[in-house]
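Engineer: Starting from these lines, generate the structure:
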Amino acid sequence: MNIQLNYSINSLKQKVRQLVKKGLLSRQQPIYTICNFIPAREWHKIEIELELNGYLLRDHLIDLMQPEKWDNN
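Structural biologist: Below you'll find the model as predicted:
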């Protein structure tokens, strides 16, 4: 059985956000550090998606994360 994983730019942003929130990654780390959480056979798809959306592997994860929403208290 071949399972297709969705690595659209939006799903990547969501994945990164979850990893940062859990403390597994830091916002200041380079994007390529997410390769530790992606199956090696899938990594080339990630690289292509990042490139198509103007991201470099050396960019920081914070560049990839969606804007955070803050509540005004």
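
Engineer: all contacts plus neighbour counts: C-alpha atoms, from now on.
Structural biologist: Will do.

Engineer: Against which helices or strands is the longest helix anywhere in the chain packed?
Structural biologist: Assignment by DSSP state H gives helix 9-21 as the longest helix of the chain. Secondary-structure packing of helix 9-21 (3 or more Cα pairs under 8 Å, 6 or more residues apart in numbering; DSSP states H and E): helix 61-64.

Engineer: give me that answer again for 10 Å
Structural biologist: Secondary-structure packing of helix 9-21 (3 or more Cα pairs under 10 Å, 6 or more residues apart in numbering; DSSP states H and E): helix 43-52, helix 61-64.

Engineer: Give the rounded mean pLDDT of the longest one.
Structural biologist: When pLDDT is averaged along helix 43-52, the result is 92.

Engineer: Give the buried residues for that helix.
Structural biologist: Going by neighbour count (16 or more other Cα atoms under 10 Å), the buried part of helix 43-52 is 43, 46, 47, 49, 50.

Engineer: With distance to residue 65 as extra columns, can I get these in TSV?
Structural biologist: As requested, these are exported to TSV (distance: Cα to Cα, whole Å):
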residue	distance to residue 65
43	18
46	15
47	16
49	15
50	12
